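Provided below for reference: sequence and predicted model.
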Amino acid sequence: MPIILWIITFGLLMSAIALVGSLTLFLPKRHYDALILPLVAFAAGSLIGGAVFHMIPAAVDSMGNVTSLYCWLIAGFVVFYALEEFLNWHHSHTHSHSCSPLSPPHQHALPSSGHNPSGESATHMSGLDS
């Protein structure tokens, strides 16, 4: 088989694999909600695995096996963890009431019109409204 056919075949195969994620658009919300967190965790784990197994050994080869390399690695993890926690803590879609983001979980009565037609109450978890 000529090389150009190998390139086209595997280019199309990689495109098909990349488009598999668009199938989540056709899933019912219940299945989507159950599937999205494991998929995001898998993606994050893949990125961390790529960094640990490929980039860290290259950095050790470049810088030598020095303590400052590992300090920068730990500092990077801590900074990104703190950034994620900060953004998650301050995230809110509809924060129109006077609750502190640090308040314990509590209930809010939602109006019968709008997002909740049944008039049920919704749990308010530390400033995270859905």
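The structure has been received and is ready for your questions.

mind listing the helices for the chain?
Along the chain, the segments classed as helices by DSSP state H run 3-18, 29-50, 56-63, 67-89.

With mean pLDDT as added columns, please give these in JSON lines.
Conversion of these to JSON lines gives the following (pLDDT from 0 to 100):
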{"stretch": "helix 3-18", "mean pLDDT": "94"}
{"stretch": "helix 29-50", "mean pLDDT": "87"}
{"stretch": "helix 56-63", "mean pLDDT": "85"}
{"stretch": "helix 67-89", "mean pLDDT": "84"}
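
residues making contact with stretch 24-35?
When contacts are defined by CB atoms under 8 Å, 6 or more residues apart in numbering, stretch 24-35 is touched by residues Ile36. For every residue, glycine as well, the C-beta is placed using N, CA and C.

end-to-end on that stretch?
9 Å (CA to CA, to the nearest Å).

hang on, the earlier thing: export the helices of the chain as CSV, with columns for mean neighbour count.
As requested, those are exported to CSV (neighbours: other CB atoms under 10 Å):
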stretch, mean neighbour count
helix 3-18, 10
helix 29-50, 10
helix 56-63, 11
helix 67-89, 11
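
Check the spacing between Leu87 and Gly50 real quick.
23 Å (CB to CB, to the nearest Å).

Revised request: answer the last question for Phe77.
Phe77 sits at a distance of 15 Å from Gly50 (criterion: CB to CB).

Quick one: neighbours of Leu25, just the number.
Close neighbours of Leu25, defined as other CB atoms under 10 Å, add up to 7.

Distance-wise, check it relative to Ala44.
21 Å.

swap in Leu37?
Distance from Leu37 to Ala44, by CB to CB: 11 Å.
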